[in-house]
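*Asks:* Got a sequence here, can you build the structure:
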Amino acid sequence: MNDSSAQAPEGGGPAITELGQDPRSRARFLKMVGGAGAAGALSLLIAACGGDDDDAGSSSTTPATDATDEKPAASKGDIEIVNYALTLEYLEAEFYAQVIASGAVTDKKIAELAKSIGENEQEHVDALKATVEKLGGTPAAKPKTKFEDVIAGGPETILETAASVENLGAAAYLGQAGRIKDKEILAAALAIHTVEGRHAAALNTLVGKSVVPDGPFAKPATMDEVLEAVKPFIAA
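*Replies:* From the prediction side, this is the model:
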């Protein structure tokens, strides 16, 4: 039953802002991403993205709707963000596929790790493509890649590159969190973001870097920064 006294924030803004202002939206989101245990992380994310978790009781002129209400059409911005993420996942999945096929990594445990991460990245590709289509958009085309020089550099160069790419991927998802308007897309993005962070931590350990290179709070990267960083891996 709807509580007629509850008020939701006006629509059209980022989902992270609505999560900060509307307790029921926040509750649904936390259920999607794993329950109340995620509440502390969500509060930090809201603060990092410019929201205000203390505004939960503020009112507006727009009445709240329950979870069964029809969702609004996806924004062009959300489709752009999902396609941006898809492009990154294409690159990551292809990188690991080429590394495994090359046989350049001979250490069995590291090869198994590369295979496992590659499978995760391919699942991300499949999920993001399906999401774009569900939103009514056209999935981004798979870019042509050039990883030959990295693979030719041997296991050390491969691991260094893998660690850099995974850290970049985690920063890329975090960088878009404040722009996403649809809560389900935000939940999916954060679910992938945390996996990218775990990949990065494992690879950072292998190359002798800190598992938390940015310290206790991860630093986001803008779309322009990320696309510039991956240019060397995209064939003209």
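*Asks:* Quick one: find the helix or strand in this protein with the lowest mean pLDDT.
*Replies:* For the chain, counting by mean pLDDT, DSSP states H and E, helix 39-48 ranks last in confidence among helices and strands (a mean of 44).
*Asks:* And for residue 145, the neighbour number?
*Replies:* Using other C-beta atoms under 10 Å, residue 145 is surrounded by 17 other residues. Any C-beta I mention is one placed from the backbone N, CA and C, and that applies to glycine too.
*Asks:* Does it touch residue 235 like I think?
*Replies:* Yes. If you go by C-beta atoms under 8 Å, residue 145 and residue 235 touch, sitting 6.2 Å apart.
*Asks:* can I see the domain layout of the chain?
*Replies:* 15-57, 76-233 (automatic domain parsing).
*Asks:* hey, least reliable of those by pLDDT?
*Replies:* Among those, domain 15-57 has the lowest mean pLDDT, at a mean of 47.
*Asks:* Touching, residue 139 and residue 125? I think so.
*Replies:* No. If you go by C-beta under 8 Å, residue 139 and residue 125 don't touch, sitting 9.3 Å apart.
*Asks:* what ranges do the helices span in this protein?
*Replies:* Assigned by DSSP state H, the chain shows helices spanning 15-21, 23-33, 39-48, 76-102, 108-134, 148-152, 155-176, 183-206, 223-230.
*Asks:* The residue nearest to residue 155 when sequence neighbours are not counted and residue 96: what is the separation?
*Replies:* Nearest residue to residue 155, sequence neighbours excluded (C-beta to C-beta, 6 or more residues apart in numbering): residue 105, at 5.3 Å. Using C-beta to C-beta, to the nearest Å, we find residue 105 at a distance of 10 Å from residue 96.
*Asks:* Need the overlap of contacts for the two.
*Replies:* Contact criterion C-beta atoms under 8 Å, 6 or more residues apart in numbering; residues shared by residue 105 and residue 96: residue 114.
*Asks:* which ones are touching residue 234?
*Replies:* With C-beta under 8 Å, 6+ apart, residue 234 has these contacts: 91, 143-146.
*Asks:* now do residue 172
*Replies:* Counting by C-beta under 8 Å, 6+ apart, residue 172 has contacts 84-85, 88, 221, 223, 226.
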